Each structure stands twice: as C-alpha cells, then as structure tokens.
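Undergrad: Provide a 3D model corresponding to the input given below.
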Amino acid sequence: MEPTVAADIRERVAQWVQEGLRLLPHLPGLLHSAEAARAAELERECEKLRRELEDLRKEQERLRGDRDEVTQAFSRLMESVQPINQLVQKLGVRRSPFERDPRGSATPPAPGTTAPSGGTPPGPAPTPGPTPKPS
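TA: Residues are numbered from 1 along each chain as shown. So this is what the prediction gives:
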C-alpha cells in the first residue's frame, strides 16, 4: 500500500471516530424519542382495544338477555300447548285435521260437494288468501 493512500485512510478513520464521539451523546435522546413515540402509539392501540372489548362485552350481555327472554317465551308456549296435547290424547284424536286421506283421490273435492262413498267427508271450505292490492 502506498504511504499517501495509508495516510488518507488514517485521516478518514480519525474523522469518523471524532464525528462518532461528537454524535454519541445524542444517541440516547434519539432512541428515547423513538421509544416514546412507539410507546404512545401502543398506548392508543391498547385503549382502542379496551373500548372494543367493553363494547363486545355489552353486546354479549344484551344477547344473553335476548336468549333468556326467548327461552322463557318458548317455555310459556310449551306450557300452554301441553294441556291441549293431553286433552287430544284423552279424546282419542289420532289424526291432524290437515292430514290427507291415503285412500282418497289426489285432488280434494270441490267445496260444497260431498265426498265419494267410503271416503272422508269434505272438511271446511278453504279460506281465501289475502286479496292483492291494486297498484
């Protein structure tokens, strides 16, 4: 290596060392400000997640209340249906009024006509559906 190149390299290294020594005291401040900014960001995110968690807990409690209301309503409905089922069993009714006769024809008789002999008598006339509203 030539003496001028080596002297040039030594001079550059000495300048870098001096510059590093001059900048070294500022390094903790820079690191602290970056850490403080990151910490503030994490605190904001943490607070956002706490609010979201609280909202979800409130919604869960509301849904549990709704579920309990539905359960109670269903229980009351079943309690009101149970005596009807017991009465039907005592009367010996075995078929639904809506059940079709397997021996009968595929099409029900027209309202007001009698059923063919050996078949089941016609039921009540069907109730008409809602009438369409004119546009």
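
Undergrad: Could you list the low-confidence segments of the chain?
TA: Counting by pLDDT under 70, the chain shows low-confidence ranges at 1, 94-97, 99-135.

Undergrad: And the helices in it?
TA: 3-23, 27-91 (DSSP state H).

Undergrad: The shortest one to helix 27-91, inter-axis angle?
TA: So the one you mean is helix 3-23. Counting by axes from the mean of the first three to the mean of the last three CA atoms, to 10 degrees, helix 3-23 lies at 60 degrees to helix 27-91.

Undergrad: how about the CA coordinates for helix 3-23, as CSV?
TA: C-alpha atoms of helix 3-23 as CSV (Å, rounded to 0.1, in the frame of the first residue of the first chain):
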residue,chain,number,x,y,z
PRO,A,3,2.1,5.8,2.0
THR,A,4,-0.2,8.5,0.7
VAL,A,5,-3.1,6.1,0.5
ALA,A,6,-2.5,4.8,4.0
ALA,A,7,-2.3,8.3,5.4
ASP,A,8,-5.5,9.2,3.6
ILE,A,9,-7.3,6.2,5.1
ARG,A,10,-5.9,7.0,8.6
GLU,A,11,-7.2,10.6,8.3
ARG,A,12,-10.7,9.4,7.3
VAL,A,13,-10.9,6.9,10.1
ALA,A,14,-9.8,9.6,12.6
GLN,A,15,-12.5,11.9,11.3
TRP,A,16,-15.2,9.2,11.6
VAL,A,17,-14.1,8.5,15.2
GLN,A,18,-14.3,12.2,16.0
GLU,A,19,-17.7,12.5,14.4
GLY,A,20,-18.9,9.4,16.2
LEU,A,21,-17.7,10.8,19.5
ARG,A,22,-19.5,14.0,18.8
LEU,A,23,-22.8,12.2,17.8
